[in-house]
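Asker: below are the sequence and a predicted model for it; my questions follow.
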Amino acid sequence: MFKKISLALAAVCIGVAGLVFAVEQPTIATNSVTATTPTLNNSTHFDAAELKAKLSLMLGLEIDAVKPSAMPGLVELITNQGLFYASADGQFFIQGKLYGLGGKVVNYSEASLAQVRLDGMDKFADAMIVYPAKNEKHVVTVFTDITCGYCRKMHEQMDDYNDKGITVRYLAYPRSGVKDRSGQYSQGFKDLRSIWCHENPAEALTKAKMGSNVAQRTCDKPIEEEFDFGRQVGVSGTPAVILENGMMLPGYQKPDALITILEQMKAAG
């Protein structure tokens with residue numbers, strides 16, 4: 001599937017290497033770009049069903065939704081491969097971010113993806129491995145893998161996150177992919193599936209991140225679906241931290257840094 005979309009997009013996009021989305025919050029002093037609720041331009045007229053059928057056929061994309069964007073004449077495509085844009089007549093296709101340039105720079109793409117993340121996380125709520133804070137103030141959701149050094153570093157500090165009132169929920173994201181070149185399930189996928197299938201997944205994940213071997217198990221857990229969801233919402237590496245408003249912080253965040261960001265967001269409303 002990924003090969004098909006790569007070949008299709010090669011005809012219209014140069015240097016496609018995946019989408020990487022960073023959090024751009026007005027409450028964080030180091031950022032001057034804000035992600036905010038999209039203001040849709042309802043003056044753009046288009047046939048959503050026709051666009052969905054046409055672009056799905058031409059590009060091999062699974063398009064979940066076609067919506068108006070903030071820019072006149074441009075529609076937003078929510079797909080299994082991420083967020084894209086197209087002209088309302090379907091003659092032009094765009095990969096990239098959409099920014100608004102008004103009183104401040106607004107990242108409309110990140111705001112749209114934030115909502116996709118929130119909706120998607122609801123679907124996996126019962127399939128996450130959770131490390132709850134006793135005095136919970138915030139909840140973050142993290143795409144993780146046991147072969148990732150910074151994932152292990154973050155997990156080593158779980159008590160610090162929890163002590164600061166941060167509950168950490170994990171989604172599986174095998175960095176090696178779901179299948180190897182021979183079409184068989186990758187070892188990374190099988191290890192994460194085994195952990196999620198354990199009678200005590202939280203304990204099994206902790207041991208695996210400490211370097212213990214993973215006893216192989218098989219059961220019906222949505223590891224592949226979680227991986228696909230991560231790709232859809234812009235995850236390109238681990239750890240990837242999804243905040244309570246759906247914004248994403250790619251990469252490891254120290255406990256002090258993470259609680260600062262979360263408290264700033266809370267104060268900003």
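Answerer: That came through fine.

Asker: surely residue 171 and residue 225 touch.
Answerer: No: judged on Cβ atoms under 8 Å, residue 171 makes no contact with residue 225 at a distance of 9.7 Å. For every residue, glycine as well, the C-beta is placed using N, CA and C.

Asker: which residues are in contact with each of those two?
Answerer: residue 124 (Cβ atoms under 8 Å, 6 or more residues apart in numbering).

Asker: neighbour count winner among those two?
Answerer: residue 171 (27 against 16; other Cβ atoms under 10 Å).

Asker: work out for me the element that one sits within.
Answerer: strand 166-172 (DSSP states H and E).

Asker: might you quantify the distance of that strand from its chain's geometric centre?
Answerer: 13 Å (Cα atoms, centre = their mean, to the nearest Å).

Asker: what's next to it, contact-wise?
Answerer: By Cβ under 8 Å, 6+ apart, strand 166-172 touches 121, 124, 127-133, 136-145, 158, 161-162, 192-193, 196, 205, 223, 226-227, 229-230, 255, 258-259, 262.

Asker: buried subset of those, written for PyMOL?
Answerer: Buried members of those, defined by 16 or more other Cβ atoms under 10 Å, are picked up in PyMOL with:
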select buried, resi 121+124+127+128+129+131+133+138+139+140+141+142+143+144+145+158+161+162+192+193+196+205+223+226+227+229+230+255+258+259+262
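
Asker: where do the strands of the stretch 101-250 of the chain begin and end?
Answerer: 105-107, 129-131, 138-144, 166-172, 240-242, 248-250 (DSSP state E, counting those that start in this stretch).

Asker: distance to residue 75 and mean pLDDT added to those, as CSV?
Answerer: Output for those, formatted as CSV (distance: least, Cβ to Cβ, whole Å; pLDDT from 0 to 100):
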stretch, distance to residue 75, mean pLDDT
strand 105-107, 18, 92
strand 129-131, 37, 98
strand 138-144, 28, 98
strand 166-172, 29, 98
strand 240-242, 25, 97
strand 248-250, 23, 93
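
Asker: looking at those, which is closest to residue 71?
Answerer: Comparing those by their distance to residue 71 (Cβ to Cβ), the top pick is strand 105-107, with 11.4 Å.

Asker: so what strands line up beside that closest one?
Answerer: Its sheet considered, strand 105-107 pairs with strand 33-34 (parallel), strand 99-101 (antiparallel) by DSSP bridges.
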